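Chemist: only the shape, not the letters, is given here:
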């Protein structure tokens, strides 16, 4: 099913896995997976702007439905994340912890820039292992 909104084009039947994720206007995929972790995956060679981040924030709010979840942000292959985008991600009310995932030196630089410049007032950490990132997020599940 495809529904147009002012913030994003949603393509979903059920947002419970990557194959059924909501997709923002910038091609960023967002889904909620068991046991309650929000996933955001940037497309290869993405240059994420503030507008892209706002679109993703709308999708996260839609999936969270007034609850808070830990979030895994997969930066793998992204080329840049603007200051405006970092500000949007850092003020996300639906998120209680951030794990940033990447594999290349560029991913690490983007993650450290994200964490150091607009430090979220939430637990946050960079990982090169998806399994370790998910385990860390499970330990930082929201209490509300």
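Modeler: Thanks, I have the structure now. What you are looking at is a predicted structure, and each value in this text was computed from that prediction instead of being measured. Numbering: from 1, shown residues only.

Chemist: so what pairs up with residue 70 in the strands?
Modeler: Under the criterion DSSP bridges, residue 70 forms beta bridges with residue 97.

Chemist: and the top helix by length along the chain, what's buried?
Modeler: Longest helix in the chain, counting residues (DSSP state H): helix 50-64. The neighbour-count check on helix 50-64 (16 or more other CB atoms under 10 Å) flags 51-60, 62-64 as buried. Bear in mind the C-beta positions are built from the backbone N, C-alpha and C, glycine included.

Chemist: same for that helix, what does it pack against?
Modeler: Contact partners of helix 50-64 among helices and strands, from 3 or more CB pairs under 8 Å, 6 or more residues apart in numbering; DSSP states H and E: strand 22-23, strand 29-33, strand 37-41, helix 83-90.

Chemist: what mean pLDDT does that helix have?
Modeler: Helix 50-64 carries an average pLDDT of 92.

Chemist: state the distance from the nearest residue to residue 24 once chain neighbours are set aside to residue 85.
Modeler: In space, and not counting its chain neighbours, residue 24 is closest to residue 55: 4.0 Å by CB to CB, 6 or more residues apart in numbering. Computed with CB to CB, to the nearest Å, the distance linking residue 55 and residue 85 is 10 Å.

Chemist: residue 63 now?
Modeler: 19 Å.

Chemist: kindly report the same for residue 38.
Modeler: Taking CB to CB, one finds residue 38 at 16 Å from residue 85.

Chemist: again with residue 104
Modeler: Where residue 85 is concerned, residue 104 sits at a distance of 19 Å (CB to CB).

Chemist: what angle sits between the longest helix of the chain and strand 37-41?
Modeler: Angle of helix 50-64 versus strand 37-41, following axes from the mean of the first three to the mean of the last three CA atoms, to 10 degrees, is 150 degrees.

Chemist: show residues contacting helix 50-64.
Modeler: 5, 7-8, 10, 15, 22, 24-26, 28, 30-32, 38, 40, 46, 71, 82-89, 92-95 (CB atoms under 8 Å, 6 or more residues apart in numbering).

Chemist: no further questions, thank you.
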